[in-house]
Structures are given as C-alpha cells and as structure tokens.
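# give me coordinates for this.
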Amino acid sequence: MLSSAQTPRLLRSPTTTTTTLKCLHSSPVPASATAPPPPSQILTTRKSLVSRQTSAVDIAKSFLDRLRRTEPHLNSFLHVSPDEAILKQAEELDNKIKNNDAVGPLAGVLVGVKDNICTYDMPSTAGSRLLENYWPPFDATAVRKLRESGAIVVGKTNLDEFGMGSTTEGSGYQVTANPWDLSRVPGGSSGGSAAAVSARQCMVALGSDTGGSVRQPASFCGVVGLKPTYGRVSRYGLVAYASSLDVIGCFGSSVADAGILLNSISGHDKFDATSSKREVPDYQSQFVAIDYLESKPLKGLRVGVIRETLENGVDSEVISSVRSAVSHLEELGCSVMEVSLPSFSLGLPAYYILALSESSSNLSRYDGVRYGKQVPGDELNSLYGDSRAQGFGSEVKMRILMGTYALSAGYYDAYYKRAQQVRTIIRNSFKEALDKNDILISPAAPSVAYKIGEKKNDPLAMYAGDIMTVNVNLAGLPALVLPCGFVEGGAGGLPVGFQMIGAAFDEEKLLKIGHIFEQTLQGCSFIPPVIADEWTS
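Numbers count the residues shown, from 1 in each chain. The predicted structure is shown next:
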C-alpha cells in the first residue's frame, strides 16, 4: 500500500508488467474500502433476474429498505415515489420474465433523477421554492428513455437551486450530507444524486452538469460521474440554467454502470435542436472482464497530464492521489506526458460571465404568471417583483443580477463578448492538446469534501472550486471522473477523484480506459461508512 510519502513521480517510463495498483491512502483505511473492484449493478441485476435467481420485487424492497434507513441522515431525495408504485413496476417486470417476454437493458434498475429533470409522475422543483408545486405534464426525453429501457425511477434527488451551486446547501428545501462524513457536503449541484448512488439508495442516477455539477460531487462522494459531450443527450425536459453549457450526465458505482446508463439516454431528439445525430456506440462492449486483460491493456495510449491543474491552489494530498493514478495508467501501458493549457486559468471567469448571462435570460420566465408560484400584487410589476423576490433564493438572485449586468449595453463588449472570445481560445487549446493525446488528466476538484457551512458565506471560494471542471463545459467535451484514493478526514478517509477528458463524442474511449483503471485498482471499492456494515460488493 502506498503512503503519501511513497507517491510515485508523475512522469516516468513503465518498468513493470503488473496491471494492479493498491489504492493510495493517506489515512487509516476503512474496512469497506478493502473489497474487490466494484461489479456492475446493472449487469448483475439483469443476470440475476433473467436467470430467475431473484425477483425484481425483492431487489426493489432491498433498496427501499436501505433508503428508509439512510435517508433521515442524508437527505438525498426531495421526493420518493410511493412504495406501491415502485413495487407494482417491479411486479410487472417479474411477470414479463415469467412469461419469457423481452425486457429492456435497464430492467429492474432503480434510478434516481435530479429534480431539475422533468418527470410526469413526481414534482420537479429544481430545488426552488418558486416551483414548489410544479408537476410537469411530461417526462424529459432522458427519463422517457430510461422508462422504455425498463428502469424504475425511485425519486427526485436534491440539488442547489436551479443547479446554481457546488455544495447542495443552496437547495430551497434541505441540505444533503456526504455519506462518507455526515458533517461534510456531497458537492453540487447534483449532490443528491451523488450521495444516493454512494449510499446505494439507488443503483444509478441522472444529474446535470453545467460547470462540473456531476463530476465534482462524484469526486466528493467516491462514485463515478460521466459528463457526455454537449449534444450527446437531449436536454428536452431539463430545467435550463445555461443552455449552451448544460448537459445531462450519469452517476454509477462503477464505470460500466455509468456507461450503460449513458447508452440508454443518448441519441438525437426531435424536441432538442442541439442534440446530435451521430450514431451512439455500444458502450457496453468496452467492459471486458479483468480476467481477459493483457499485461499492458492500454499500451500505446497517449495520456496528457494538464500541468496547470497540479499547481498552487490544489491540496497536496489530492495531487498525490492523482499522481498515483497517473502512475497506474503508465503501468497499464500508457505513454504519459505533461501538457500545458495556458488559457486554463481564464476558464473560471469566462464561465461565470457566460453562465450567469444565460441564466438571467433563462430564469426570466419565472415571473409568477408563466411559471412559478404567484404572489398576488396590486399591479403587474409588483406581482412579478414579489413573486421572484419571495420565490428565488439569495444565490440565484445574485447570479441573475450579475448576468444581467454582464449583458447590459454598457458592459456587453467588455464582459460577455470577451468571455465568448476566451471560450473559443479554450476550445482551440483543448483541440490542439487532444490532437497529440488520446485523453487529458486532471484532478476532479482542488480539494476533498469540506464541512457543511464552511464556504457558504464565501461565494468566491466556492466558485474557485469549479476551476478543474468549467473548461470542459466551455469546450463541450466529454469527461469521466472516477475515484482513485483516500485522504485523511471523516471516520476513515475521504475519497479523491480524478478527471479524464476526451475528444468530442469519444465517450467510448473514456469508458474503456476508466473501466480498466477501476478494475485493476485494488483496495478501493468506496463503500461509505453509512452502509459499510451491510454492503459487501
């Protein structure tokens, strides 16, 4: 086992034929972290159902029991579907299998859905009091595809209001806790989805990622987070924050689960003009069993480590874990080199100017007349003003004001137009780097999960935590975050994730590399203390 003092150098030639690496821990290892690599819950569920070793009803009851035990401590969900509705769907699936009828690829899979993604049978509040009683008359395209694939939607997960935040403390309803340490944040804005998957309250979950809202909470909660290429998944039914940056992403406890989930929700949609018509690959074909791997399964793969992401402002223990992960990729056969993206530091200010500008436009529809809770007023202007003033939280109000300022006539050229120019520079710098490398590597976040309330009164510090992820959204690229180690904190360590960035629409390559990395990383199954006494795989 590697200690932080024994961390391998970042760049070196592989000198060993081993394909396994023990997980980097800088603190006592929780007993739950010494289990084998994670199996695919989706594939395991399907196999056990089709072979009739168990029933969908029994699986659903098991997850519902765990959800009931853990939810009072975590607050992952804003709304849970009634047990009767979930068990009825499970029973219908069991009857199909009994009658030898065909079932979908997600048959019996229990899914959590972030509450800014529309569902016709449950509220969709986007974490805002303004939409407290909003029940959409339709499913988002991604949710519709999940149901058509046989998935069972467990409930709607908590988030920062309208996706604007990095901790899930900005929810208008409740604060979600991190399953690894209940006094810490799960990340955000998709913190509810990440916590739910980490605590095995559901098998997989959908989130949204505008500037890192899938990837950062995945790192904080020790799960896999996948942000697809912009346009790979339809945004129809996703409550818009920043339309040119928003994507629907996937959470799983294994790379295979995240990839199979992506397969089910991807593809062109006539209701979303920005969705791509590119063919969707069969991602499941990349998930080779570890028994069949060669000694150097990633031989010839070119990996670029982004220099600017391992400099000042990043916790030393996070850097140590990421360097250990890079060394493991070398041992698997990758050729590793350091790359520089000089425009990297420009991403954060450019992102916030563009995202907040778009949000000020998108959120103008919530006026108490077209959408949102109405506060009666004597005249139309007071109705608008009072409805928005009482409905929006403080963070959302601040972001709307900042976005409106950036779009105002006197500052449009100085801020918004220049931010768009920076976005083009960032996109070109990524293209140049990915022309020479198959993937790029960075930490998923500059730190591990911090205490609830620690940064709530310091929004600039919270915004700075997005530095590792926002550039990928500006460039519209896919990225995969997976856990690679632990650092000191909590009951027995806090998980660290690292980020792999690929070329546009090259999720297939990311999933293949991520799966091999995950299955050969020993001693890291990332079962949090909140369920460690009951979970064995």
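# where are the low-confidence patches of this structure?
Across the chain, the ranges flagged by pLDDT under 70 are 1-35, 290-291, 492, 523-525, 535-537.
# if you set the cut-off to 90 instead, what comes out?
By pLDDT under 90, the low-scoring segments of the chain are 1-39, 133, 284-295, 311-312, 367-391, 456-457, 459-460, 488-492, 521-526, 532-537.
# as a quick check, tell me the outermost residue of it.
Counting by C-alpha atoms, centre = their mean, the extreme residue of the chain relative to its mean C-alpha position is Asp378, 43.8 Å from that point.
# let me see the backbone angles for that one.
phi -70, psi -30 (degrees, to the nearest 10).
# please report the distance of it from Gly385.
11 Å (C-beta to C-beta, to the nearest Å). Where you see a C-beta, it was placed from the backbone N, CA and C, and this is true even at glycine.
# for the residue nearest in space to the middle of the chain, what are its contacts?
The centroid of the chain falls nearest to Val214 when counting by C-alpha atoms, centre = their mean (2.1 Å). By C-beta atoms under 8 Å, 6 or more residues apart in numbering, the contact list for Val214 reads Ser190, Ser193, Ala194, Gly207, Ser208, Gly225, Leu226, Lys227, Gly249, Cys250, Phe251, Val481.
# is it true that the fifth one touches Leu245?
No. With contact defined as C-beta atoms under 8 Å, Ser208 and Leu245 do not form a contacting pair (10.0 Å).
# which one's more surrounded, those two?
A side-by-side neighbour count of Ser208 and Leu245, using other C-beta atoms under 10 Å, places Ser208 first with 28 against 23.
# in the sheet, who's paired with the more buried one?
Here Ser208 sits in beta bridges with Ile248, as judged by DSSP bridges.
# any idea how far stretch 259-274 is from the middle of the chain?
Here stretch 259-274 shows a centroid-to-chain-centroid distance of 16 Å under the convention C-alpha atoms, centre = their mean, to the nearest Å.
# give the buried residues for it.
By 16 or more other C-beta atoms under 10 Å, the buried positions in stretch 259-274 come out as Gly259, Ile260, Leu261, Leu262, Asn263, Ser264, Ile265, Ser266, Gly267, His268, Asp269, Asp272.
# what lies in contact with it?
40, 42-43, 105-106, 111, 141-142, 145-146, 149, 151, 204, 206, 226, 228, 230-236, 243, 248, 250, 252, 275-277, 280, 282-284, 286-287, 507, 511, 515.
# again, but for stretch 404-421
Pro349, Ala350, Ile353, Leu354, Leu356, Ser357, Ser360, Ser361.
# buried residues in it?
Result for stretch 404-421 [16+ other C-beta under 10 Å]: buried residues Tyr405, Ala406, Leu407, Tyr415, Tyr416, Ala419.
# hang on, the earlier thing: between Asp378 and Gly385, which contacts overlap?
Overlap of the contact sets of Asp378 and Gly385 (by C-beta under 8 Å, 6+ apart) is empty.
# picking that back up, closest to Tyr463 out of the contacts of Val214?
Closest approach between these and Tyr463, by C-beta to C-beta: Ser190, at 16.9 Å.
# distance of that closest one from Glu161?
For Ser190, the distance to Glu161 - C-beta to C-beta - is 13 Å.
# so these two - more neighbours on which side?
Ser190 (38 against 27).
# close enough to count as contact, the more buried one and Asp209?
Yes. The criterion here is C-beta under 8 Å, and Ser190 meets it with Asp209 at 7.3 Å.
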